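1. Predicted coordinates and the sequence they were generated for:
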Amino acid sequence: MSRAIDVAVIGGGLLGLATARALLRARPGLSVTVLEKEGHWGAHQSGHNSNVIHSGLYYAPGSLKARLARAGGEEMIRYCQQHEVPVKRTGKLVVATSTAQLRGLDALAERGRANGVTVRRLSRGEFAEREPHVFGVAALSVADTAMTDFGQVCRALAAELTGLGAELRTHSPALSFDTAGDRTVIHTPREELRARILVNCAGLHSDKIAAAAGDRPTVRIMPFRGEYAEIRPGLRGLINNPVYPVPDPELPFLGVHITPMLDGTVHVGPNAVPALAREGYRWRDVEPRLLGELLRDPALRGLARRFWRHGVTEITRSLVWPLFVREVRRLVPAIESRDMRRHGSGVRAQAVTADGRLVDDFIIDRTPRAVHVLNAPSPAATSSLHIGSRIAADVFEQLGHEEAARAAREESAAT
């Protein structure tokens with residue numbers, strides 16, 4: 001079966017669903033189909049993360065990421081409240097465990113205040129009142145952090161999209177692409193879609209989708225696995241609110257943190273190790289083709305030259321459980337190996353340049369018939385509704401719907 005539509009969105013995670021929502025809210029009656037290769041929404045990055053709605057603490061003042069986090073986080077909280085998705089403003093602590101980290105802690109405080117984040121420096125005695133089992137010499141109290149369940153957010157978005165008239169297709173991978181006149185032809189197992197505009201929100205597969213659809217992406221996706229542990233039920237009271245370390249400024253990762261979830265569980269992690277498959281949630285998940293590509297790729301060699309010490313540390317900590325426990329004990333000395341157990345993982349789609357640099361900003365490429373989201377780092381989940389409106393505005397410009405583009409941009413700017 002062949003169908004002509006206005007927009008095909010590939011990827012049923014937060015960004016894909018949020019973009020489809022923004023398109024239909026700005027222009028009701030637009031024909032939009034969302035394609036998801038898995039059997040449910042938010043199956044990968046959107047459903048395997050810390051479920052934190054970030055405040056904007058970590059990003060350079062005035063940067064797009066800082067603005068997205070502040071506006072997008074508040075928009076996400078409102079959406080959860082309106083759609084009966086669990087959400088709670090918890091705040092968090094960022095803890096310096098040595099005097100050498102105090103300069104980094106102060107720099108974070110300056111960034112946070114410049115970004116409009118409610119930040120307060122706490123002495124050891126002050127934060128011990130809130131988290132008596134956490135070790136450190138000083139901490140930042142960040143009031144604007146919240147917790148939700150992004151998997152439930154995806155399901156709420158899908159339900160809303162059904163009401164808005166979107167066609168939602170699970171078990172529908174985009175197998176190949178052709179062109180027919182001014183349309184992109186997308187072949188799926190069920191049907192053939194002839195779309196005026198393609199929106200690529202495929203996450204871990206975004207670079208491959210872009211290349212197959214005729215783009216020449218300037219970055220490639222390298223999957224990094226973040227592994228989590230869980231504190232056993234009897235010791236969940238050790239931590240009251242999310243506790244983070246001072247991050248390494250050289251890396252786009254926040255370090256191993258401790259997060260009480262809304263369901264009462266307490267998660268620890270993630271670390272960051274190279275995954276051997278695009279959906280490599282375990283060490284034994286190996287994709288030979290990807291492995292071969294990575295071994296031949298000069299980007300991997302450049303990355304290895306820059307970060308081999310970090311890589312060795314993370315891989316060793318992943319494979320040797322006592323080393324992971326030791327990292328956690330830097331923050332909570334009372335935790336022993338027997339107090340935790342492994343608890344799943346997530347895989348992050350990390351864009352890497354040809355010379356091996358980790359990309360820490362959004363990359364959204366536009367071609368005459370497509371919008372490709374090639375890198376969507378944190379705060380992408382936090383700000384997904386906000387980002388979806390920005391992508392929708394790009395789509396409307398390409399469709400020639402200037403009025404709808406203006407409406408999408410106004411909605412993005414108003415949040």
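-> Now that the structure is in, tell me what you want to look at.
2. Strands along the stretch 201-350 of the chain, start to end?
-> 219-231, 243-245, 257-260, 266-269, 273-274, 340-353 (DSSP state E, counting those that start in this stretch).
3. Flag the shaky bits of this protein, pLDDT-wise.
-> Across the chain, the ranges flagged by pLDDT under 70 are 249-254, 402-403, 405, 407, 410-415.
4. And the residue located most distally from the centre of it, how close does it get to residue 153?
-> Among the C-alpha atoms of the chain, the one most distant from their mean position (CA atoms, centre = their mean) is that of residue 181, at 35.4 Å. Distance from residue 181 to residue 153, counting by CB to CB, to the nearest Å: 37 Å. For every residue, glycine as well, the C-beta is placed using N, CA and C.
5. Spatially, what comes nearest to residue 138 if we skip its sequence neighbours?
-> Leaving out its chain neighbours, the residue that sits closest to residue 138 by CB to CB, 6 or more residues apart in numbering is residue 96, at 5.1 Å.
6. so what's that neighbour up against?
-> 102, 104, 105, 136, 137, 138, 139, 246 (CB atoms under 8 Å, 6 or more residues apart in numbering).
7. would you say the first one is within a helix?
-> Same thing as residue 102. Yes. Assigned with DSSP: H, G, I helix; E, B strand; the rest coil, residue 102 falls within a helix.
8. Which residues are in contact with the nearest residue to residue 190 once chain neighbours are set aside?
-> Once flanking residues are discounted, residue 190 sits nearest to residue 172: 5.9 Å by CB to CB, 6+ apart. Each residue near residue 172 by CB under 8 Å, 6+ apart is listed here: 35, 36, 37, 188, 189, 190.
9. out of these, which are buried?
-> With neighbours counted using 16 or more other CB atoms under 10 Å, the contacts of residue 172 contain these buried positions: 35, 36, 37, 188.
10. Now flag whichever of those is closest to residue 241.
-> residue 36 (33.7 Å; CB to CB).
11. give me the number of residues near the nearest residue to that closest one once chain neighbours are set aside?
-> Counting by CB to CB, 6+ apart, the nearest residue to residue 36 once its immediate chain neighbours are dropped is residue 12, at 2.9 Å. Residue 12 is flanked by 31 other residues according to other CB atoms under 10 Å.
12. what does residue 31 give?
-> Neighbour tally, residue 31, other CB under 10 Å: 18.
13. dump the residue contacts of it.
-> 4, 5, 6, 7, 167.
14. and residue 194, bridged to which residues?
-> Note on residue 194: beta-bridge partners residue 4, residue 185, judged by DSSP bridges.
15. Can you tell me how far it is from residue 125?
-> 66 Å.
16. neighbour count winner among these two?
-> residue 194 (18 against 7).
17. Make sure that one is actually in contact with residue 1.
-> No. If you go by CB atoms under 8 Å, residue 194 and residue 1 don't touch, sitting 11.3 Å apart.
18. Quick check: neighbours shared by the two?
-> Common neighbours of residue 194 and residue 1 (CB under 8 Å, 6+ apart) do not exist.
19. need the helices for the chain, in chain order.
-> 14-26, 64-82, 102-114, 124-130, 150-164, 206-212, 288-296, 298-319, 321-329, 384-399, 402-414 (DSSP state H).
20. Would you mind finding the most buried of those helices?
-> Mean neighbour count (mean count of other CB atoms under 10 Å) peaks for helix 14-26 among these, with a mean of 27.
21. Perfect, that will be all.
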